[in-house]
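J.: compute the structure for the input listed below.
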Amino acid sequence: MSSKDWLEKDFYAVLGVDKSASSDEIKKAYRKLARENHPDRNPDDKQAEERFKVASEAYDVLSDPGKRREYDEMRSLFGSGAFRRNARAGGGGPGGPPFDMSDLFNGAGGQAGDRRFGGAGFSDLFSTIFSGGAGGAGGRARGPARGRDVEAEVSVDFQDAVRGVTLPLTLRAPGVCDTCAGSGAKPGTQPRTCAQCGGAGVTSRNQGSFSFAEPCRECQGVGTIVDEKCPECAGSGGVTRTRTLNVRFPAGVADGQRIRLAGRGEPGERGGPAGDLFVVVHVRPDDLFGRSGDDLTLTVPITFAEAVLGTDLRVPTLDGAVTLRVPPGTPSGRRLRARGKGVVRRDGQAGDLLVTLEIVVPSKVSDEARAALEEFGAHTPPAAREHLESAARRSG
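T.: This next block holds a predicted model:
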């Protein structure tokens, strides 16, 4: 993506969010568009594929705080007309015509897939303009572009998420071409250094008071030229294919957490560094346990008699059963704690198992049980009931 794309494309409008949108709102909007327009879901729909591509470009910029700040600054600066020709450059001074964007970018790197200036951003662009070109203090050599980051979603079982698990992940995404090993050149040949830029990937030119650095037109900013292209990837160095990766999910991984696999994303152009793979984890709910941070939660029913008299209660954990003491006179909703029976933290310490007691009231009782309860009620101190009746009389 070029810097010209940054100025001409409204990434907020692409994702359908406001400029003040939070990171979570941007992520949510991107995921919705990505699911609707993913090539696997729309195999023969070129328009959906293009929408998916544009949404990915927008998310690549707006999801990165640094890129988003530079993008906002660049659009604000140029949108306000801050850069205009001065009198020495042939313009009409402050009232002269605005700076010609085609002169600034000269159309180079304008293709949708060009990320050389987009990746560098606003600060690199202007350090190049005002430092005297590629050879100045702010100049830097360009080369094969870094590949895009890729995002995938995986669902894991609750107990696997707590304990940690390694799962295979199958992706249909760009990968390094096996025929040319990513060089883009036909087997038996090698890319040659571009004579125009000397392998730097950029050239400089003077225009008025400024010296501009731009991607080399001869090699498209890569620094090398492929004379005989690989028949498999047509010189790009990458092919779309199905690949399977073994992904390790650490113990205690939480729902919605992103796992980063460095260098496992889209391959760079002509052997450039690969992007990263981000795996979003979705944890399936468990039939028995819940989770609160590093603590596991569990609701256990007890009888009225057990609550009144107290009992030793056997409860399950992820590592077997433990015995908890229910003291006499326990009310419904009381929480007991089994220390160290929760989620293991990164420092090796573990959370707790929190057991909530729920007194179960039977809908039907036998005659013997009814008689026993009536006798129990006759001997129960009426203090609580008297307190309620007194409160009722005061409110009436």
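J.: domain parsing for the chain?
T.: 1-107, 131-285, 290-395 (automatic domain parsing).
J.: export these to CSV and tack on mean pLDDT?
T.: Compiled in CSV, the domains of the chain are given as follows (pLDDT from 0 to 100):
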stretch, mean pLDDT
domain 1-107, 71
domain 131-285, 80
domain 290-395, 86
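J.: which of these sits most buried?
T.: Of all those, domain 131-285 has the most neighbours on average by mean count of other CB atoms under 10 Å, namely a mean of 18. Just so you know, the C-beta spots here come from the backbone N, C-alpha and C atoms, and that holds for glycine as well.
J.: return the distance of that domain from the chain's centre.
T.: 17 Å (CA atoms, centre = their mean, to the nearest Å).
J.: separation between the nearest residue to R192 once chain neighbours are set aside and A200?
T.: What sits nearest to R192 in space, not counting adjacent residues and going by CB to CB, 6 or more residues apart in numbering, is I225, at 5.6 Å. Taking CB to CB, to the nearest Å as the criterion, I225 is separated from A200 by 13 Å.
J.: same check, this time on R146
T.: With distances taken as CB to CB, R146 is found 17 Å from A200.
J.: again, but for R68
T.: 29 Å.
J.: who touches the top helix by length along the chain?
T.: Counting residues, the longest helix found in the chain (DSSP state H) is helix 46-62. Here helix 46-62 makes contact (CB atoms under 8 Å, 6 or more residues apart in numbering) with 1, 5-6, 9, 11-12, 14-15, 26-27, 30, 33-34, 36-39, 41-42, 67-68, 71, 112, 118, 148-149.
J.: need the contact list for R325.
T.: R325 touches 310, 312-313, counting by CB under 8 Å, 6+ apart.
J.: try it again with 10 Å
T.: Contacts for R325 were tallied using CB atoms under 10 Å, 6 or more residues apart in numbering; they are 310-313, 336.
J.: show me the contacts for the residue lying closest to V150 once chain neighbours are set aside.
T.: Spatial nearest neighbour of V150, chain neighbours left out: G265 (4.2 Å); criterion: CB to CB, 6+ apart. By CB under 10 Å, 6+ apart, G265 lies in contact with 146-152, 171, 173-175, 273-278.
J.: tell me the secondary structure for G265?
T.: coil (DSSP: H, G, I helix; E, B strand; the rest coil).
J.: can you tell me how far it is from G235?
T.: From G265 to G235 the distance is 21 Å (CB to CB).
J.: could you do D157 as well?
T.: Counting by CB to CB, the separation of D157 from G235 is 44 Å.
J.: cool, P191 as well?
T.: Separation of P191 from G235 (CB to CB): 9 Å.
J.: between those two, which contacts overlap?
T.: Listed contacts common to P191 and G235 are 180, 183-185, 225-229, 270; contacts here mean CB under 10 Å, 6+ apart.
J.: can you pick out the most distant pair from these?
T.: Distance extremes for the shared contacts of P191 and G235: the farthest pair is C180 and I225 at 14.4 Å, using CB to CB.
J.: tell me which stretches of the stretch 251-396 of the chain form helices.
T.: 304-309, 367-379, 383-395 (DSSP state H, counting those that start in this stretch).
J.: which strands or helices does the shortest one pack on?
T.: With contacts defined as 3 or more CB pairs under 10 Å, 6 or more residues apart in numbering; DSSP states H and E, helix 304-309 has these neighbours: strand 311-317, strand 320-326, strand 353-359, helix 367-379.
J.: helix or strand next in line after the longest helix of the chain, which one?
T.: Going down the chain from helix 46-62, the next helix or strand is helix 65-79, by DSSP states H and E.
J.: quick one: that following helix to helix 46-62, angle?
T.: Counting by axes from the mean of the first three to the mean of the last three CA atoms, to 10 degrees, helix 65-79 lies at 100 degrees to helix 46-62.
J.: helices or strands next to helix 65-79 in the packing?
T.: For helix 65-79, the elements it packs on are helix 3-8, helix 11-15, helix 23-37, helix 46-62, helix 116-130, judged by 3+ CB pairs under 10 Å, 6+ apart.
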